[in-house]
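**Student:** I would like the atomic coordinates for the input below:
(one chain, ligands or ions: 1)
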Amino acid sequence: MSTTATAPNPFKIALVQMLCGADKQANLDNAASHIETAADNGAKLVILPECFNSPYGTKFFPEYAEPIPGPSTSALAAVAKKRGIYLIGGSIPERDQDKLYNTSTVFDTRGELIAKHRKVHLFDIDVPGKIRFQESETLTAGNALTVVETEFCKIGLAICYDIRFPELALLSVKQGCKFLVYPGAFNMTTGPMHWELLARARAVDNQAFVAVVSPARDVDSGYVAWGHSTVVNPWGDIVAKTDHTPGIVYADIDLSIVDAARSAIPVQFQKRTDMYKVELQQ
Ligand SMILES: NC(=O)CCC(=O)C(=O)O
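**Tutor:** Below is the predicted model:
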């Protein structure tokens with residue numbers, strides 16, 4: 001569906017910060033119930049966190065992985081259709097032949113799958129004495145930029161660690177995105193340092209709305225998520241935010257703010273492309 005001049009603006013979004021535990025069916029039921037609540041409260045676009053149907057950990061990915069379409073994404077399609085909303089299904093471990101990916105799916109108001117993003121930058125880090133995590137132990141990286149056409153605007157979709165790569169966001173914005181969405185699961189080391197900083201940085205350097213959506217914190221799990229799901233406007237202001245507990249964060253996305261920021265500080269048109277360039281190699 002292409003963006004039209006009569007698209008509803010502003011539109012309400014909901015970030016579902018839910019607990020993502022070991023019981024896959026309980027995760028699916030919990031997600032559906034939060035999505036229903038968000039729709040009851042007027043959300044037109046609902047976003048789930050990274051790895052919403054499984055614990056986040058490389059040893060869990062092979063066990064929880066599913067093909068797409070599969071049981072988890074069918075459940076998402078059904079609730080999107082039932083409530084007539086757009087749904088960004090956080091991410092799930094996806095199985096495609098002999099490979100596993102960290103994959104986000106997007107459904108439109110009819111429950112049709114309209115986009116799929118496979119995490120492009122795998123979360124491989126080692127902060128001595130704090131956290132070592134190597135997604136590449138079990139996952140394969142995706143190779144595509146994901147721009148989602150909705151009736152509201154184009155949305156640039158990426159997953160968690162992808163937010164650290166400004167080039168990816170820049171390329172989405174070059175393709176017309178006004179809103180950048182990152183289902184993510186930062187941790188207790190990098191979360192306090194960089195979660196909000198990166199969300200605000202991507203918002204300011206692209207003059208776009210940014211939403212970062214985390215699982216709720218479970219201190220008994222092997223990977224403790226930071227939480228703090230947040231929405232930032234194109235000026236870099238935080239317009240909605242929560243703490244680490246389960247809940248839903250709502251925000252109104254007013255696209256005229258994107259246009260105002262871009263017109264007031266026109267960096268998009270002031271790039272020195274004679275000196276430097278960021279280009280998609282596909
Ligand atoms: N799930 C992730 O990609 C985590 C990314 C993260 O914590 C970071 O610091 O980056």
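**Student:** what about A115, neighbour count?
**Tutor:** A115 has 17 neighbours, counted by other CB atoms under 10 Å. Just so you know, the C-beta spots here come from the backbone N, C-alpha and C atoms, and that holds for glycine as well.
**Student:** what sits opposite it in the beta ladder?
**Tutor:** A115 has the following beta-bridge partners by DSSP bridges: V106.
**Student:** wait, doesn't it sit right on A144?
**Tutor:** No. Counting by CB atoms under 8 Å, A144 is not a contact partner of A115; they are 10.1 Å apart.
**Student:** How about the residues of the stretch 1-150 of the chain by the ligand?
**Tutor:** Contact residues (CB under 6 Å from any ligand atom) of the stretch 1-150 of the chain with the ligand: 50, 123.
**Student:** And the helices in the stretch 1-150 of the chain, which stretches?
**Tutor:** Ranges of helices in the stretch 1-150 of the chain, per DSSP state H, counting those that start in this stretch, are 24-40, 61-64, 71-83.
**Student:** would you turn those helices into TSV with mean neighbour count and distance to K271?
**Tutor:** Listed next are the helices of the stretch 1-150 of the chain as TSV, based on neighbours: other CB atoms under 10 Å; distance: least, CB to CB, whole Å:
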stretch	mean neighbour count	distance to K271
helix 24-40	18	37
helix 61-64	16	38
helix 71-83	19	37
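**Student:** how about those, which one is nearest L157?
**Tutor:** helix 71-83 (14.3 Å; CB to CB).
**Student:** what's the angle between that closest one and helix 24-40?
**Tutor:** If you take axes from the mean of the first three to the mean of the last three CA atoms, to 10 degrees, helix 71-83 sits at 20 degrees to helix 24-40.
**Student:** now the chain, which segments are flagged as low pLDDT?
**Tutor:** Scanning the chain for pLDDT under 70 picks out 1-5, 282.
**Student:** wait, what's in contact with the closest residue to the ligand within the stretch 1-150 of the chain?
**Tutor:** The ligand sits closest to F123 of the stretch 1-150 of the chain, with a gap of 3.4 Å, by CB to the nearest ligand atom. Taking CB atoms under 8 Å, 6 or more residues apart in numbering as the criterion, F123 is in contact with 133, 135, 160-161.
**Student:** which of those are buried?
**Tutor:** 133, 135, 160-161 (16 or more other CB atoms under 10 Å).
**Student:** between those residues, which is closest to A7?
**Tutor:** Minimum distance to A7 across the buried ones among the contacts of F123 is 28.2 Å, recorded for C160 (CB to CB).
**Student:** so how far is the ligand from the closest one?
**Tutor:** Per CB to the nearest ligand atom, to the nearest Å, C160 is found 3 Å from the ligand.
**Student:** so what's that residue closest to, chain neighbours aside?
**Tutor:** If the residues on either side of it in the chain are set aside, C160 comes closest to G184, at 3.5 Å by CB to CB, 6 or more residues apart in numbering.
**Student:** who touches stretch 250-259?
**Tutor:** The contact list for stretch 250-259 (CB under 8 Å, 6+ apart) reads 9-15, 38, 41, 43, 152-153, 178-179, 207-209, 211, 231, 233-235, 239-240.
**Student:** Fine by me, thanks again.
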